[in-house]
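**Student:** 3D, please:
(2 chains)
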Amino acid sequence: MEYHLTIPLQKDDVFKLHIRDVVYMTGTIFTARDEAHQLMLDLAVDSVPFNPAEMALFHCGPLMKSVKGNWHVVSAGPTTSSRMELFEDRFIAKYSITTIIGKGGMGNRTRQALLKYGAVYAALTGGAGALVADMVDEVLDVFWFERLGMPEAVWLLKVEDFGPLIIAMDAHGDSLYSR
Amino acid sequence: MDQTKIITGIVKLIRKAETELPEDVIKALKKAYLIEEGLAKTQIATILDNITVSRESQRPMCQDTGIQSFYVSLGVDSPYRAELKQLITSGVKVATKEIPLRPNTVDPLTGVNHQDNTGHYIPHITWDLVSGDKVWITALPKGGGSENMSRLEMLKPGEGINGVKNFIVNAVTNAGGQPCPPTIVGVGIGGGADLAVKLAKKALLRPIGSQHPNPSVAIIEEELISQLNASGIGPMGLGGKTTVLDVNIEVAHRHPASLPVGLVIQCWANRRASLLLHADGTYEVQ
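**Tutor:** Numbers count the residues shown, from 1 in each chain, chains lettered A, B, ... in the order given. Model prediction:
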């Protein structure tokens, strides 16, 4: 099935999705890699300057460019999600994440967390950075840039018809990677 | 004057590598598009679209612009032999701002970003001395996701070529979708621990479809291609017929007690470009 959905995904959106579905999403996504995950797991939820529950989590360390003080995306494909397997189950629980976008798949701990909390993992084509950049309408904000550097900082991106995303792990416990 | 021109040449070389995938790789991806169906076909279609956008916009095809690595065949009579390392390093710094490249060098202990894609031992340059006054510089920017799947195995010589094949098949299968398949698999057999891995990476420079000149090695390449593509991992690990675009093996003589095997996996974005520098400071980027 093919769907065009609005972020944040509602629970009935999440549960109607199954592995192999193709999805395009519109809304706000935030990037987070290893260091941002660790930092946000150390912080109290109310001290995080944005609301992750309203957004999709994007495993990405983008290539950005500042023009006259405004940030633009140059290239922004997904990074290897399996590095975040170490802490993704806790991250999903702590920040009420319903949508993860990444590449390469995740392991059993994340699969079980998706099932328990009702969330999906959507695969975006790895390496397609230039193409993905064209789907970003606006760079809304950046957090912890000085501390973490460009790839590890958290970038808030407004996206339209972001995809094609392949539902690769669903909220019913199924995963394209565990076959 | 020459120096500024050569630095500009290095920037052009890096830009070409980051934004224009070599024809042999594009051809292999187009062939994969024809034989794939379903989800696998959507992945290859997206990759091909991305290659076009990248070339037309001259923006790096992947946000991971890699660790900057260069293979240099240095003519011993080149007037630039003494300063070439410095010129390449300066070129990397300028390219980081101009193209731009993602700042990808961090302190190995603190993680602090060096901001300009240089640092201790980086850019990484492999030197080869040749006769004459020309210099050939090949850029091979290498992404972290595929590099993380690299392996070294010190097999017992008694395990033989079957041991080598099993190690490669298991390692590539276990990597699954993580290194952004369809990948190019580089294998180094023999030498010592360091040389096996070095040869595995050097094997990535060979054009897709090329065979090792030794027929006994070429047969192993063919067998590994068939076995890996029968694994069903497919583009991005979502299932399909194309897990690898090619397997390239390089060999070195080994110690009788050792059978080292190095494995370096390259994502579909097998970015490489070359620059030929003449003694008068003119150059061509290919």
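**Student:** hey, which strand is longest across chain A?
**Tutor:** Longest strand in chain A, counting residues (DSSP state E): strand A:154-169.
**Student:** Could you list the buried residues of that one?
**Tutor:** A:154-157, A:159, A:162-169 (16 or more other C-beta atoms under 10 Å in any protein chain shown). Any C-beta I mention is one placed from the backbone N, CA and C, and that applies to glycine too.
**Student:** Name the strands paired with the helix or strand that contains residue B:262 and say parallel or antiparallel.
**Tutor:** Assessed by DSSP states H and E, residue B:262 sits inside strand B:259-266. Applying DSSP bridges, strand B:259-266 is found paired with strand B:151-155 (antiparallel), strand B:183-191 (antiparallel).
**Student:** what's the burial count for residue A:66?
**Tutor:** By other C-beta atoms under 10 Å in any protein chain shown, 10 other residues sit near residue A:66.
**Student:** Now do the buried residues in stretch B:245-254.
**Tutor:** Result for stretch B:245-254 [16+ other C-beta under 10 Å]: buried residues B:245, B:246, B:247, B:248, B:249, B:250, B:251, B:254.
**Student:** what angle do the strand or helix carrying the fourth one and strand B:183-191 make?
**Tutor:** Right, residue B:248. For residue B:248, the host element (DSSP H and E) is strand B:244-254. With axes from the mean of the first three to the mean of the last three C-alpha atoms, to 10 degrees applied, the angle from strand B:244-254 to strand B:183-191 works out at 10 degrees.
**Student:** which ones are touching residue 168?
**Tutor:** By default, I'm working from chain A. With contact set as C-beta atoms under 8 Å, 6 or more residues apart in numbering or on different chains, residue A:168 has these partners: A:19, A:105, A:121, A:122, A:123, A:175, A:176, A:177, B:238.
**Student:** Switch to chain B, please.
**Tutor:** Here residue B:168 is in contact with B:185, B:187, B:224, B:247, B:261, B:263 (C-beta under 8 Å, 6+ apart).
**Student:** pLDDT score for residue 112?
**Tutor:** No chain in the question, so chain A it is. Per-residue pLDDT puts residue A:112 at 98.
**Student:** my question was about chain B
**Tutor:** Per the predicted model, pLDDT is 91 at residue B:112.
**Student:** show me what contacts the residue nearest to residue B:225 when sequence neighbours are not counted?
**Tutor:** Of all residues not flanking residue B:225 in the chain, residue B:247 sits nearest, at 5.1 Å (C-beta to C-beta, 6 or more residues apart in numbering or on different chains). The neighbours of residue B:247, taking C-beta under 8 Å, 6+ apart as the test, are B:168, B:184, B:185, B:187, B:221, B:224, B:225, B:228.
**Student:** Then residue B:172?
**Tutor:** B:149, B:183, B:185, B:228, B:231, B:243, B:244, B:263, B:265.
**Student:** do you know how far it is from chain A?
**Tutor:** Using C-beta to the nearest C-beta, to the nearest Å, residue B:172 is found at 14 Å from chain A.
**Student:** buried ones in the host helix or strand of that residue?
**Tutor:** Element membership of residue B:172, judged by DSSP H and E, is helix B:160-175. By 16+ other C-beta under 10 Å, the buried positions in helix B:160-175 come out as B:163, B:164, B:165, B:167, B:168, B:169, B:171, B:172, B:175.
**Student:** which one of those sits closest to chain A?
**Tutor:** residue B:175 (8.9 Å; C-beta to the nearest C-beta).
**Student:** Skipping adjacent residues, who's closest to that closest one in space?
**Tutor:** Spatial nearest neighbour of residue B:175, excluding adjacent residues (C-beta to C-beta, 6+ apart): residue B:149 at 4.1 Å.
**Student:** what's the burial count for the one you found?
**Tutor:** 22.
**Student:** likewise residue B:45?
**Tutor:** By other C-beta under 10 Å, neighbour count at residue B:45 equals 16.
**Student:** State the distance from it to residue B:277.
**Tutor:** 38 Å (C-beta to C-beta, to the nearest Å).
**Student:** what does residue B:152 give?
**Tutor:** Taking C-beta to C-beta, one finds residue B:152 at 34 Å from residue B:277.
**Student:** These two - which one has more neighbours?
**Tutor:** Neighbour comparison, residue B:152 and residue B:277: the larger count goes to residue B:277, with 28 against 16 (by other C-beta under 10 Å).
**Student:** how far does stretch A:157-177 sit from the chain's center?
**Tutor:** Offset of stretch A:157-177 from its chain centre (C-alpha atoms, centre = their mean, to the nearest Å): 9 Å.
**Student:** re earlier: in JSON lines, list the contacts of residue B:172 along with pLDDT and distance to residue A:130.
**Tutor:** As requested, these are exported to JSON lines (pLDDT from 0 to 100; distance: C-beta to C-beta, whole Å):
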{"residue": "B:149", "pLDDT": "97", "distance to residue A:130": "23"}
{"residue": "B:183", "pLDDT": "98", "distance to residue A:130": "20"}
{"residue": "B:185", "pLDDT": "98", "distance to residue A:130": "25"}
{"residue": "B:228", "pLDDT": "98", "distance to residue A:130": "28"}
{"residue": "B:231", "pLDDT": "97", "distance to residue A:130": "29"}
{"residue": "B:243", "pLDDT": "98", "distance to residue A:130": "24"}
{"residue": "B:244", "pLDDT": "98", "distance to residue A:130": "24"}
{"residue": "B:263", "pLDDT": "98", "distance to residue A:130": "29"}
{"residue": "B:265", "pLDDT": "98", "distance to residue A:130": "22"}
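**Student:** Separate out the buried members of the residues you listed.
**Tutor:** Neighbour-count burial (16+ other C-beta under 10 Å) applied to the contacts of residue B:172 gives B:149, B:183, B:185, B:228, B:243, B:244, B:263, B:265.
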